[in-house]
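**Q** Compute the structure for the input listed below.
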Amino acid sequence: MNHPRLCPWNSTELLSSRQIKAKHIKHENKFLCAILMSACIGIQGCTTSYAKDRETTKKNSVGEHLEISFRFQRGGIASSQYAIWIEDETGRLVRTLYATSFTAEGGYEYREDALPIWVSKAKPQPLSSTQIDAITGATPRNGVLSYQWDGTDNNGNRVSPGKYTFFIKGTLYWKSRVIYAGELDWGGSGQDSIPLKVRYFNPSKTNESMITELKACHIKK
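**A** Model prediction:
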């Protein structure tokens, strides 16, 4: 697959780092807005046998919930950053499920390629240390990770029934990034296997397997 070049340079235009960052975010936002037009990839459902192999599980299995799991492989420098969040139909971020601590605690200020879309939507700059602590943690060890959404927003309020989109964004190596996305009908029918859409930006072979075996299911109880 040919991927668009995010930072075109020519002899008549010299872009500042701020302009380059804006172009990156604008291009990745186009993917978020056009998610329904992207090609879907098949994924497995959430199964009991798979659950037995999890290294990390945030258990909250009472009632309706979304479960996301994937295999994580840490990289070296300029890598291993990821965030998981939920947006409503208008594209408004309603809940951050997790963001790696380096980025959430201010790393975005001197490494602009660390999860720029999440930073632009979550706006962590004014958040208190308590609010940051609620969404972050140390970069996990290698293994299978699992996260759940219980239908509440960042303030703990129940969201309204409707269509929601979840995103898993990873900074693989410097400007090489990946975004996974899927949709669910909160309050509607559950799904054992939610189709995912994926897009790579500035693809690189370095640490390209940071996030693999991604699975998502919408459970109704």
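
**Q** Can you tell me how far residue 93 is from residue 151?
**A** 15 Å (Cβ to Cβ, to the nearest Å). (C-beta placed from N, C-alpha, C; glycine too.)

**Q** actually residue 165, sorry about that
**A** 14 Å.

**Q** ok, now residue 216?
**A** 15 Å.

**Q** And these two? Which one has more around it.
**A** residue 216 (27 against 19; other Cβ atoms under 10 Å).

**Q** how near is the more buried one to residue 161?
**A** Separation of residue 216 from residue 161 (Cβ to Cβ) stands at 19 Å.

**Q** name the element the most centrally placed residue in the chain belongs to?
**A** Taking Cα atoms, centre = their mean, the centroid of the chain lies closest to residue 168, which sits 1.9 Å from it. Assigned by DSSP states H and E, residue 168 falls within strand 162-173.

**Q** That strand pairs with which strands, and in what direction?
**A** If you go by DSSP bridges, strand 162-173 pairs up with strand 81-87 (antiparallel), strand 176-186 (antiparallel).

**Q** Switch these over to TSV; also include mean neighbour count.
**A** Putting those into TSV (neighbours: other Cβ atoms under 10 Å) gives the following:
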stretch	mean neighbour count
strand 81-87	24
strand 176-186	21
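
**Q** now those strands in CSV, with distance to residue 220 and mean pLDDT?
**A** Shown next, in CSV, are these (distance: least, Cβ to Cβ, whole Å; pLDDT from 0 to 100):
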stretch, distance to residue 220, mean pLDDT
strand 81-87, 17, 96
strand 176-186, 10, 96
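
**Q** per-residue confidence at the closest residue to residue 177 other than its chain neighbours?
**A** Distance criterion Cβ to Cβ, 6 or more residues apart in numbering; nearest residue to residue 177, sequence neighbours excluded, is residue 201 at 4.7 Å. If you check residue 201, the pLDDT there is 93.

**Q** pretty sure residue 201 contacts residue 173?
**A** No: between residue 201 and residue 173 there is no contact under Cβ atoms under 8 Å: 11.5 Å.

**Q** what's the host helix or strand of residue 97 packed up against?
**A** Taking DSSP H and E as the criterion, residue 97 maps to strand 93-100. Applying 3 or more Cβ pairs under 8 Å, 6 or more residues apart in numbering; DSSP states H and E, we find strand 93-100 packed against strand 81-87, helix 116-122, strand 136-137, strand 143-149.

**Q** Same list (these) but as a markdown table, adding distance to residue 63.
**A** As requested, the helices and strands packed on strand 93-100 are exported to a markdown table (distance: least, Cβ to Cβ, whole Å):
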| stretch | distance to residue 63 |
| --- | --- |
| strand 81-87 | 16 |
| helix 116-122 | 25 |
| strand 136-137 | 24 |
| strand 143-149 | 11 |
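
**Q** I'd like to know which of these lies nearest to residue 107.
**A** strand 81-87 (7.7 Å; Cβ to Cβ).

**Q** What number of neighbouring residues does residue 146 come out with?
**A** Residues lying near residue 146 (other Cβ under 10 Å) number 18.

**Q** if I look at residue 92, how far off is residue 86?
**A** Counting by Cβ to Cβ - residue 92 and residue 86 are separated by 10 Å.

**Q** Quick check: bridge partners of the residue nearest to the centre of the chain?
**A** Going by DSSP bridges, residue 168 forms beta bridges with residue 84, residue 180.

**Q** hang on, it packs against residue 72?
**A** No: using Cβ under 8 Å, residue 168 is not in contact with residue 72, being 10.6 Å away.
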